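Q: sequence first, predicted model second:
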Amino acid sequence: MSNNNASSSSVAVAQRAVKQLRLEAKIRRINVSQAATDLKNFCLQNAHKDPLLVGVPSSDNPFRPPKSCGLL
Amino acid sequence: MSELEQLRQEAEQLRNQIRDARKACNDSSLSQITAGLDSVGRIQMRTRRTLRGHLAKIYAMQWATDSRLLVSASQDGKLIIWDSYSTNKIHAIPLRSSWVMTCAYAPSGSYAACGGLDNICSIYSLKTREGNVRVTRELSGHTGYLSCCRFLDDSQIVTSSGDTTCALWDIETGQQTTTFTGHTGDVMSLSLSPDSRTFVSGACDASSKLWDIRDGMCRQSFTGHVSDINAVIFFPNGNAFTTGSDDATCRLFDLRADQELMMYSHDNINCGITSVAFSKSGRLLLAGYDDFNCNVWDTLKGERAGVLAGHDNRVSCLGISSDGMALATGSWDSFLRIWN
C-alpha cells in the first residue's frame, strides 16, 4: 500500500539522519582559543609572503607596466 | 511511540549534544584573540588588466596553477583561456550548451572543464596533438544543474549540483566513483582542501559540509547562515573555510573547533555574496557581491579593509592566483579584471 511505502521511506530517512548525526556528534573538538590562535599565527607567519597584503614593488609585479625612464 | 517518533527524538537529542559540545569549546573568540593585533590598514588595489572578449555575462573563472593563464566561462557560450599578462586569448572554445555556470582548470594545465544547465560536466583537452581544443569526456549522471567543478588531477574531478549531491568522477571511464549525499538543497559551490583529501560544499539549505573524498562520508556539518550559500573556499592551511551567502554575510568556520569563528558583515551591505577567496597568508578575505563591488576583509579582525569598485554589474566570480600576486574578478558586465 502506498501508505506503507511512504512511512517506511520516512523511517529510512530518519534512520540515515540519526546515523549521520551520531558520526558528527562524536568527533573530537579543540577549544576556540586554540583554533583562533593557530589561525592568527598562520597569518602572521606568512604575511611577508602575501603580495596582496604587503604590496608588490613595480619591479616584481608581472601586471604593472614598467616605469619609463625619464632621463632629463 | 512510533519508530519514526523515536528516531526524531534521538535526532533532536544528538543535535543538542553537538550544540553543547561546541559550546563547551567556545572559551574565547577570534576577535578576542586578535584584539591586540594591528589592523591591516586600508587595502587598495588597482585594475591592472581588463580582459575583454566575452559577449555576455561571465559566470565563472579559475586561475591555472602557473598564476598566468586563467579560464572563464560566459553564457555567450564560450570558454576562454586567457594569458592575463598580455590579455591575449589563448583559446576561445565554443560550448555545446551556452548555459554554463562553472568552469575549472586542471592543475597540470592540460584540461579545462565546464558545465551548467545541461547537467553535464564536459572535459576539454587543451593540449591535443593536432593543436586544437576538443571535448574528451562528457560526464553525465547528475539530475540537476552543474554548479561547480574542481579537478583533483587529470583523471579525477569533483562536481556539485542542483540535484543536492556532489560527485567524484573517474574521467577516464566517465563514471561517478563516489556520490556525496546529505544536503537538502541545491549545492552551489565546493572547495578542495590543500591536501586534496577532503572538500567543503555550500548549499541552498544554508549549511556547509566537510566531505572525505576517499570514503564519501560527511564528516562535519555547519549551520549559521540564514539563506543560500553561494560560495565556499578553504583557508590556506586547510583548518578552516569561509562561506558567502545571499544573507549578505561571509562566515569563517573552523574545522577543529567545529564552529563559526567570525562573521563578515556590515549594516550598509544588504546584498548577496557570489564568490570568496583568500589571499596567500589568509589574512585577507576577498568577496564578490551582487552590488557590483568586491569587499576586502581582514580575516582575523572581521573589519572591512577595502572596496574594489569598477565593474558595471554583479561580480559573479573571483579568484586569487596561486603565487598570491593577483586577484581576478569576473562580472555580468562581460569583463574580467586583474587587480593588485
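A: Perfect, thanks for sending it.
Q: so where is the stretch 1-150 of chain B shaky, pLDDT-wise?
A: By pLDDT under 70, the stretch 1-150 of chain B has no low-scoring segment.
Q: which parts of it sit against chain A?
A: Residues of the stretch 1-150 of chain B lying close to chain A (CB under 8 Å from any CB of the partner chain) are B:3-4, B:7-8, B:10-11, B:14-15, B:17-18, B:21-22, B:24-30, B:32-34, B:37, B:40, B:43, B:45, B:48-49, B:68, B:84-85. C-beta: built from backbone N, CA, C; applies to glycine.
Q: which among those end up buried?
A: B:7-8, B:10-11, B:14, B:18, B:21-22, B:25-26, B:28, B:30, B:33-34, B:40, B:43, B:45, B:48-49, B:68, B:84 (16 or more other CB atoms under 10 Å in any protein chain shown).
Q: from those, which land in strands?
A: Using DSSP state E, B:48-49 are the members of those that sit in strands.
Q: in the stretch 51-200 of chain B, what residue is nearest chain A?
A: In the stretch 51-200 of chain B, the residue that lies nearest chain A is residue B:85 (5.5 Å; CB to the nearest CB).
Q: which residues touch that residue?
A: Contact analysis of residue B:85 by CB atoms under 8 Å, 6 or more residues apart in numbering or on different chains lists A:62-63, B:49, B:68.
Q: kindly report the same for residue B:273.
A: Shown in contact with residue B:273 (CB under 8 Å, 6+ apart): B:230-231, B:244-246, B:248-250, B:287-290.
Q: where's it relative to chain A, distance?
A: From residue B:273 across to chain A, the span is 19 Å (CB to the nearest CB, to the nearest Å).
Q: that residue bridge partners, please.
A: Residues in a beta bridge with residue B:273, per DSSP bridges, are residue B:289.
Q: about what we covered before: among the contacts of residue B:85, which two are most distant?
A: B:49 and B:68 (11.3 Å; CB to CB).
Q: and for the two, which residues touch both?
A: Common neighbours of residue B:49 and residue B:68, using CB under 8 Å, 6+ apart, are B:84-85.
Q: okay, now the residue in the stretch 101-250 of chain B that chain A sits nearest to: neighbour count?
A: Closest approach between the stretch 101-250 of chain B and chain A, counting by CB to the nearest CB: residue B:237, at 4.9 Å. Close neighbours of residue B:237, defined as other CB atoms under 10 Å in any protein chain shown, add up to 17.
Q: over to the one 4 residues further on?
A: Using other CB under 10 Å as the criterion, residue B:241 is surrounded by 24 other residues.
Q: same thing with the one 10 residues further on?
A: Neighbouring residues of residue B:251 were enumerated by other CB under 10 Å; the total is 21.
Q: residues contacting it?
A: Residues in contact with residue B:251 (CB under 8 Å, 6+ apart) are B:224-225, B:242-243, B:245, B:260, B:262-264.
Q: got it, and residue B:306?
A: So, once contact is read as CB under 8 Å, 6+ apart, residue B:306 ends up touching B:42-45, B:295-296.
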